[in-house]
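Asker: I would like the atomic coordinates for the input below:
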Amino acid sequence: MWADTDTDIDFLNYSEVAELIAEMIGNPDLLPMSLGVFGSWGVGKSSTLRLVANELEKAKDKYLVIHFDAWLYQDFDDARAALMSVIADELVKAAPAPLTSKAMSLFGRINKLRALGLLVEGGALAAGVPTFGLITRGLEGVRDLWGGTADKEDLEAIKKAGADVKDQASGLLNDVSEKGPPEEIAAFRKDFSEVLDGLGKTLVVFIDNLDRCLPENAIQTLEAVRLFLFMPKTAFVIGADEDMIRHAVARHFKEPGEKQVTDYLDKLIQIPVRVPRVGVEEVRAYLSLLLFQSACADPKLRETVRAFLIDRLRRSWTQDEPFKIDDVLKSVGKEGDDTLRRSLEMGDRMAPLLAHSERVLGNPRIVKRLLNVVRMRAAIARKRSMPLDEAIIAKLALFERCVDSSATEALHNAINAAPGGKLQILQPIEDGEPIEDHKALLPEKWHPHLAFVSDWARLEPKLAGLDLKPAVYLARETIPVRIASAAVSPHVTQAVETLLKTPTMSSQAAIAAVLTLKGGHEVVGMDALVAEMRKNSDWSKVRADVRGAVLLARASPDASKIAIRFFNDLPSCPPWLRSMLSSEDWYKG
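Answerer: Numbering: from 1, shown residues only. Okay, here's the model as predicted:
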């Protein structure tokens, strides 16, 4: 099995991108810099950030590297203050003796600024005062805060000013714009620059998981980069799904035009770098590395294979032929290991379909999850003495991953209905005959996937002469159960039908439907909801069935696990869904 986490070991030749980013950070003519590492869910943004950090570690005397996981601070009262606090804390740790006092003062000021935000900004925003709006009664106290000399009387003045903001806002706005924010921002930037100059290093801040935050938090974090921390000898490297950030901008600024969204992003993120699209050769190398890693515990041999394959990927543009499995085995003297050869050959056969399938598109995280499913089923098969080769399990799991649930159900039903569990309808296709000539014999649910089924059927091992019923039994045990409405009690069916049409998250009818599922029916209801959601592949807009699933997940930890599996397995999570899920505690868990 393989851990579903980001890594600083390069399996996909992302090191080239990481080296390029590190070179740009190392060029003083390009500083200050904000650089975005863009890509969809699971493609390797976090791993790329770690690879860049590793490159910078080679010259650690030149850089002060700070990692900021935006999602960890999702519930922080002010995302700007959270980012500034993390950076200031690291500056305090890194500052030499002559700068310690200055750095500590900076950290204290940020904490005071956070306190000010809690006392004043909420009321000020309600009255229409801009971010960091300050009010006349507390202005002198605020200046004392920035000067580091505030006392109890100053804080009381600020607090009182915040309490009076709604009544007196109309007379305060002119004074705020003339006396407040510019002086305070300049003071912060001045002190911050002095600490950086004294350190003699380039400050590099990696901001990850920004696309998992609510729009308000995402924008506040970006604004902190622009307004407070964008100074000489600084570089900010931001890993995010660009579509999600665009969604956050659109939500925050009340649906501006596409040009305004693009202009805003261009100003905040100067250099966009997109994680490279994974092709067939990259998927072949990735599968080979994962499978070899599982079969061989020797770290030296693992690294030899990794270095060999990454080198071949880097030189692939100069070669007429792709690498061969024999080359991989020869690189570590494993030519005679037939078990390892069969495993690598299985991955080699799967690679083209995983690279081209619209439901996978070479996504490394999906590929890894598919292999984990194969290994889990193979382990169960061995324990139960099932006559199933891992290659058979892998081929059926590949079908499940690359088609929709109804096509998978049709496959399982066809196997169960076939004499001896032998799917003879595959025989002519496996033998190379055109699939269109046999379309009438195939399940109707396969018809939208004929191109895939044709390529899939020709993969080794051939399945037509094998009893596949054990594989179907195994698959049904290890994937979410899909229950036909006929097998569900009437009150569950009624509740599910209501949840599928949930108009808003506060719908009383939907909330009542969730309550009727209490007492052990939550899991059955969620299974039925997921089965219905799988039938609709349109994720371009907010969906009523998703609202219903979220409401049910809130009410039941067991039901939430099923929802998490479903949402995590989506090939691409749309911005509106990611925004919705980011605020859900059950999904974070």
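Asker: And for I325, nearest residue in space, chain neighbours not counted?
Answerer: L344 (4.8 Å; Cβ to Cβ, 6 or more residues apart in numbering). Heads up, the C-betas are built off the backbone N, CA and C, glycines and all.
Asker: mind checking the SS state of the one you found?
Answerer: Three-state call for L344 (DSSP: H, G, I helix; E, B strand; the rest coil): helix.
Asker: pLDDT weak spots in the stretch 451-589 of the chain?
Answerer: Low-confidence segments of the stretch 451-589 of the chain (pLDDT under 70): 476-490, 519-520, 589.
Asker: whoops, I mixed them up, the chain
Answerer: 1, 3-6, 8, 74-78, 107-185, 227-229, 319-320, 476-490, 519-520, 589.
Asker: And it, what are its domain boundaries?
Answerer: Domain segmentation of the chain under automatic domain parsing yields 15-21+31-274, 278-356, 388-479, 485-588.
Asker: could those domains be laid out in TSV, adding distance to N363?
Answerer: TSV is the format used below for those (distance: least, Cβ to Cβ, whole Å):
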stretch	distance to N363
domain 15-21+31-274	5
domain 278-356	7
domain 388-479	10
domain 485-588	7
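Asker: Reformat those as TSV; add mean neighbour count and distance to I9.
Answerer: Below are the domains of the chain laid out as TSV (neighbours: other Cβ atoms under 10 Å; distance: least, Cβ to Cβ, whole Å):
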stretch	mean neighbour count	distance to I9
domain 15-21+31-274	18	8
domain 278-356	17	7
domain 388-479	17	24
domain 485-588	17	23
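Asker: if I look at the residue nearest to I325, how far off is V367?
Answerer: 15 Å (Cβ to Cβ, to the nearest Å).
Asker: following the one helix or strand L551 maps to, which helix or strand comes up?
Answerer: Assigning secondary structure by DSSP states H and E places L551 in helix 544-555. Remark: after helix 544-555, the chain's next helix or strand is helix 557-568, criterion DSSP H and E.
Asker: gap between that following helix and the chain center?
Answerer: 16 Å (Cα atoms, centre = their mean, to the nearest Å).
Asker: Strands along this structure, start to end?
Answerer: In the chain, the strands defined using DSSP state E lie at 33-38, 63-69, 202-208, 234-240, 271-274.
Asker: Between the ones you listed, which one is closest to L214.
Answerer: Evaluated with Cβ to Cβ, the strands of the chain place strand 234-240 nearest to L214, the distance being 13.6 Å.
Asker: and the closest one, what does it pack onto?
Answerer: Strand 234-240 makes packing contacts with helix 15-25, strand 33-38, helix 45-57, strand 202-208, helix 215-227 when contacts are defined by 3 or more Cβ pairs under 8 Å, 6 or more residues apart in numbering; DSSP states H and E.
Asker: can I have the first one written out in CSV, keeping just the CAs?
Answerer: Looking back up the chat, that one is helix 15-25. Provided in CSV are the C-alpha atoms of helix 15-25 (Å, rounded to 0.1, in the frame of the first residue of the first chain):
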residue,chain,number,x,y,z
SER,A,15,12.3,18.4,-10.2
GLU,A,16,12.8,20.3,-13.4
VAL,A,17,10.0,22.7,-12.6
ALA,A,18,11.2,22.9,-9.0
GLU,A,19,14.8,23.8,-10.2
LEU,A,20,13.4,26.5,-12.5
ILE,A,21,11.4,28.1,-9.6
ALA,A,22,14.5,27.9,-7.3
GLU,A,23,16.6,29.6,-10.0
MET,A,24,14.0,32.5,-10.3
ILE,A,25,13.9,32.9,-6.5
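Asker: Please state the offset of stretch 562-572 from the chain centre?
Answerer: Relative to the centre of its chain, stretch 562-572 is centred 12 Å away, using Cα atoms, centre = their mean.
Asker: Could you list the residues in contact with that stretch?
Answerer: 40-41, 358-361, 363, 366, 369, 480, 523, 526-527, 530, 533-534, 539, 549-550, 552-553, 573, 577, 581, 586-587 (Cβ atoms under 8 Å, 6 or more residues apart in numbering).
Asker: let's see 6 Å
Answerer: Contact with stretch 562-572 is made by S40, R359, P480, M526, V530, A549, A553, as judged by Cβ atoms under 6 Å, 6 or more residues apart in numbering.
Asker: Stretch 232-246 too?
Answerer: 25, 31-38, 40, 45, 49, 196, 202-208, 210-211, 225, 261, 575, 578.
Asker: run the last query once more with 7 Å
Answerer: Under the contact criterion Cβ atoms under 7 Å, 6 or more residues apart in numbering, stretch 232-246 has outside partners 21, 25, 31-41, 45-46, 49, 52, 193, 196, 202-208, 210-211, 218, 225, 261, 265, 269, 575, 578.
Asker: go on, stretch 287-304?
Answerer: With Cβ under 7 Å, 6+ apart as the criterion, stretch 287-304 contacts 2, 11, 305-306, 309, 328, 331-332, 340, 343-344, 347, 350-351, 367-368, 371.
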